[in-house]
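**Student:** task: produce atomic coordinates for the following.
(2 chains)
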Amino acid sequence: MTTSRALSIVPEPEPRPVKLSFRGVGKSFTTGTGTEVAVLDDVTFDVRTGEFVCLIGPSGCGKSTILNLLAGLERPDVGEVALDGRPILEPGPDRALLFQDPALFPWLSVRENVEYALRLKGLGSDEIRDTAASWLAKVRLSAFADVQPHELSGGMRHRAALARALASRPEVLLADEPFGALDAQMREILQKELELVWTELGNTFVFVTHNVREAVFLADRVIVLSARPGTPIEEYRISTSRPRSFEDVLVAKVVLDIHEHLAKEVRRAAREEGL
Amino acid sequence: MALLATILLVWWAVYETGWIDPSKLPSPADVWNAFTSNITGSSGLLPAARGSIIRLAFGLSVAVVVGTVIGFAMVASVVVQRSVGTLMTALQALPSIAWLPLAIVWFGFTERAVMFVVFIGGVPAVAIATAISIRQVPPTLIRAARTMGAKGWTLQRTVVLQACVPGYWTGLQQAWAVAWRALLAAEIIRVGAARGLGHLLEASAQNTAMLIAVMGVVVVIGLAIDSFFSVMDRRIRNKRGLLVPA
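**Tutor:** As a prediction, this is how the structure comes out:
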C-alpha cells in the first residue's frame, strides 16, 4: 500500500480496535486445466470495529476470495486471516455474507428464510418469531412475510436476504457485489437502505464491488486492489458526512481519482499480459 | 373425456358393422359386463388389483430405500460413483423384464422373483435421481447456509435434503412406472403365488371381453398413481417457483 490520503480536514476519530485483519495472505487456485493461478499475493490490511470498508479492483483480482476467506469458506495458503485477533478457521454466525444472488431458500417462505439463521442460533420460538418480524418490518417486507421468495421482485429478494443476514446480529457483514445484478435505480435505493441499516447497527462491514460510485457512496475507506494476483495498492479514506450525495465535490473527486487509478492498473496488467 | 367418448363410439360402431369376429373384438357392453360381473370373487379384479398394488408398494419401497442410500453413497464417494454409479447407469439400459429369466432361475416362480424384478427396475432410477438431484443443489444456497453457521448434519437436513426434493421426486415418478411395467410382465408369465392383474390377464387369454376389462383396470390404476405423483410434483415445484406458468 502506498499512501493513505485524508480527504477532509475533519480530525480522525480515536482509532477503534481492529476487528478483521489480513496478514501476508496468499492464495492460489488450480484451474480445470491444471495450471496454478495466484489470486491473492501478500495481502495485508485491517478493518476496525464498526468500519465500512469497500474493496474495489479489476475483475479477477481476488475480491471475492478475500470475502470467502473472511467468511471462513476458504482458508489461506499462506498468512493469517483473523477476527478479533483469532484466526478464522470456519464460517460462523458472527459473520454474515451477502451474495450477488440473494440465495434465499426457495422452499421456505420469506419469514422462514429470515427465521432460518435465528433457528441455527438456537433461540426460543417466541424470540425467533419476534426478531424475524421486526427485521421484515425494517426492510419493509412485513406484507410479504408469508409468500415464497420467487414471488418477490429482485429488489425485494435482496432486502429479504439482507434481513436474513442481519437478523442473527452478526458482528461483521460481508457483501460480495450484492446489488451487481440490479438496475441502477434499484441499486441506489438499496444502497441507501443498506447505509441506514449500517448506521443503526454499527456493524463492521466489508463490501466488495467494482462500482466506484457505490464504493465511495458507502464506505469509510476504499481499498483499491491490483490486478491478479490481487494486493492492496491504494487506499482512500472518505470522511464526507453521511448521507452522501454524488454531487458533493469531494465525493466526485474521489470517484474520479479511483477511476483513474483503476484504469492505470488495468492498462498495466494488460501490458504485462502482452495484450 | 371427449377422446374417451370418441374411442368408445368408434369401437362400438366397428363392432356393430360385424367386420371383426366378436370373439376377437367384443362390444363395449360385453367388456362392461365382464368388468361388473368379475369385480369380486377369488378370480375377481378387486383382489387381483389389490395383490398387484401391494406387490408394487412393497417392491418399490425397498427399491426407494436402497436406491436412495446408493444415491447418497454415489455423491459421498468417488469410488462408489465410479463403480456402483456406473452399474446403475448400465442397469437403466437394461429393461427390468430382461431380468425375469434369471430371477426365475434364482428364485423359481415365487413372490421373491416378482419382488426382485420390481426392485431391480426401481433401484437405478431412484439412485441416479438421488445422486443427480443432490449434485444439482445450488452451491450458493449451501454457501449461504454455511455462512449462517449451518454445518454437518444440520446443513444436510435443512438445505441439501430440501433443495434436492424436486429432482428426487422426478426420480420416484420414473421409478414407479418402470416398476409397475416390470411387475405386470412378471405376473403375466405366472411368476408369484398370489393373484395379480398380470395373472388375470394371462388367465383371461380366451375371454377377450375380460382381457380388455383387465387392461382397462391396469390403465386406470396407472393413471391414478401417476396423477398422485403429478399433483405432488406440481405442489413441490409451485412452492419453489419452478413451475412454468401454463
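
**Student:** tell me the residue of the stretch 51-200 of chain A that sits nearest chain B?
**Tutor:** Chain B sits closest to A:His150 of the stretch 51-200 of chain A, with a gap of 2.4 Å, by C-beta to the nearest C-beta. From N, CA and C alone the C-beta is placed, and that goes for glycine too.

**Student:** what number of residues lie near that residue?
**Tutor:** The local packing of A:His150 (other C-beta atoms under 10 Å in any protein chain shown) involves 14 other residues.

**Student:** leaving out the residues flanking it, which one is nearest to it?
**Tutor:** Spatially, and ignoring its direct neighbours in sequence, A:His150 is nearest to B:Gly241 (2.4 Å; C-beta to C-beta, 6 or more residues apart in numbering or on different chains).

**Student:** go on, B:Val165?
**Tutor:** B:Ile236 (5.7 Å).

**Student:** check which residues of the host helix or strand of that neighbour are buried.
**Tutor:** In the assignment (DSSP states H and E), B:Ile236 maps to helix B:208-240. By 16 or more other C-beta atoms under 10 Å in any protein chain shown, the buried positions in helix B:208-240 come out as B:208-214, B:217-218, B:221, B:225, B:229, B:233, B:236-237, B:239-240.

**Student:** what mean pLDDT would you report for stretch B:39-53?
**Tutor:** Averaged across stretch B:39-53, pLDDT comes to 87.

**Student:** revised request: answer the last question for stretch B:221-237.
**Tutor:** So the average pLDDT for stretch B:221-237 ends up being 93.

**Student:** what's in contact with that stretch?
**Tutor:** Identification of contacts with stretch B:221-237 by C-beta atoms under 8 Å, 6 or more residues apart in numbering or on different chains yields B:49, B:52-53, B:165-166, B:169-170, B:172-173, B:176-177, B:180, B:197, B:242-243.

**Student:** and the stretch 101-250 of chain A, which of its residues are near chain B?
**Tutor:** A:101, A:103, A:105-108, A:116-117, A:120-121, A:148-151, A:164-165, A:168, A:174 (C-beta under 8 Å from any C-beta of the partner chain).

**Student:** tell me how many other residues crowd the nearest residue to B:Ile104 once chain neighbours are set aside.
**Tutor:** Using C-beta to C-beta, 6+ apart and skipping the chain neighbours, the partner closest in space to B:Ile104 is B:Ala113 (5.6 Å). A total of 21 residues lie near B:Ala113 under the criterion other C-beta under 10 Å.

**Student:** next structured bit after the host helix or strand of B:Ala113?
**Tutor:** Element membership for B:Ala113, per DSSP H and E: helix B:111-135. Next helix or strand after helix B:111-135 toward the C-terminus (DSSP H and E): helix B:139-147.

**Student:** starting at the chain centroid, how far to that next one?
**Tutor:** Computed by C-alpha atoms, centre = their mean, to the nearest Å, the chain-centroid distance of helix B:139-147 equals 35 Å.

**Student:** just stretch B:140-153 next, same as before
**Tutor:** Counting by C-alpha atoms, centre = their mean, stretch B:140-153 is centred 35 Å from the centre of its parent chain.

**Student:** average model confidence for it?
**Tutor:** Mean pLDDT, computed over stretch B:140-153, is 89.

**Student:** residues near the residue of chain B found nearest chain A, how many?
**Tutor:** Closest approach between chain B and chain A, counting by C-beta to the nearest C-beta: B:Gly241, at 2.4 Å. Residues lying near B:Gly241 (other C-beta under 10 Å) number 12.

**Student:** phi, psi for it please.
**Tutor:** phi 70, psi 30 (degrees, to the nearest 10).

**Student:** so how far is A:Ala219 from it?
**Tutor:** 34 Å (C-beta to C-beta, to the nearest Å).

**Student:** what do you get for A:Leu104?
**Tutor:** 26 Å.

**Student:** now B:Asp21
**Tutor:** 89 Å.

**Student:** quick one, which of those two is more surrounded?
**Tutor:** A:Ala219 (24 against 9).

**Student:** neighbours of the closest residue to the more buried one other than its chain neighbours, how many?
**Tutor:** Leaving aside its sequence neighbours, A:Ala219 sits nearest to A:Cys54 (C-beta to C-beta, 6+ apart; 3.8 Å). Using other C-beta under 10 Å, A:Cys54 is surrounded by 27 other residues.

**Student:** quick check: neighbours of whichever strand or helix holds A:Cys54 in the sheet, parallel or antiparallel?
**Tutor:** Applying DSSP H and E as the criterion places A:Cys54 in strand A:52-56. Here strand A:52-56 is paired, per DSSP bridges, with strand A:204-209 (parallel), strand A:221-225 (parallel).

**Student:** ranges for the helices of chain A?
**Tutor:** With helices called from DSSP state H, chain A shows them at A:63-71, A:110-120, A:125-138, A:154-167, A:184-201, A:212-218, A:249-272.

**Student:** now those in CSV, with mean neighbour count?
**Tutor:** Listed next are these as CSV, based on neighbours: other C-beta atoms under 10 Å in any protein chain shown:
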stretch, mean neighbour count
helix A:63-71, 24
helix A:110-120, 23
helix A:125-138, 16
helix A:154-167, 24
helix A:184-201, 16
helix A:212-218, 23
helix A:249-272, 15
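
**Student:** nearest to B:Tyr15, of these?
**Tutor:** B:Tyr15 lies closest to helix A:110-120 among these, at 59.0 Å (C-beta to C-beta).

**Student:** that closest one - contacts with which helices or strands?
**Tutor:** Helix A:110-120 sits against helix A:125-138, helix A:154-167, with contacts defined as 3 or more C-beta pairs under 8 Å, 6 or more residues apart in numbering or on different chains; DSSP states H and E.

**Student:** what do you get if the cut-off is 10 Å, keeping everything else the same?
**Tutor:** Under the contact definition 3 or more C-beta pairs under 10 Å, 6 or more residues apart in numbering or on different chains; DSSP states H and E, helix A:110-120 sits against helix A:125-138, helix A:154-167, helix B:139-147, helix B:152-155.

**Student:** pipe those helices into CSV and attach distance to A:Val37 per row.
**Tutor:** Shown next, in CSV, are the helices and strands packed on helix A:110-120 (distance: least, C-beta to C-beta, whole Å):
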stretch, distance to A:Val37
helix A:125-138, 39
helix A:154-167, 30
helix B:139-147, 20
helix B:152-155, 29
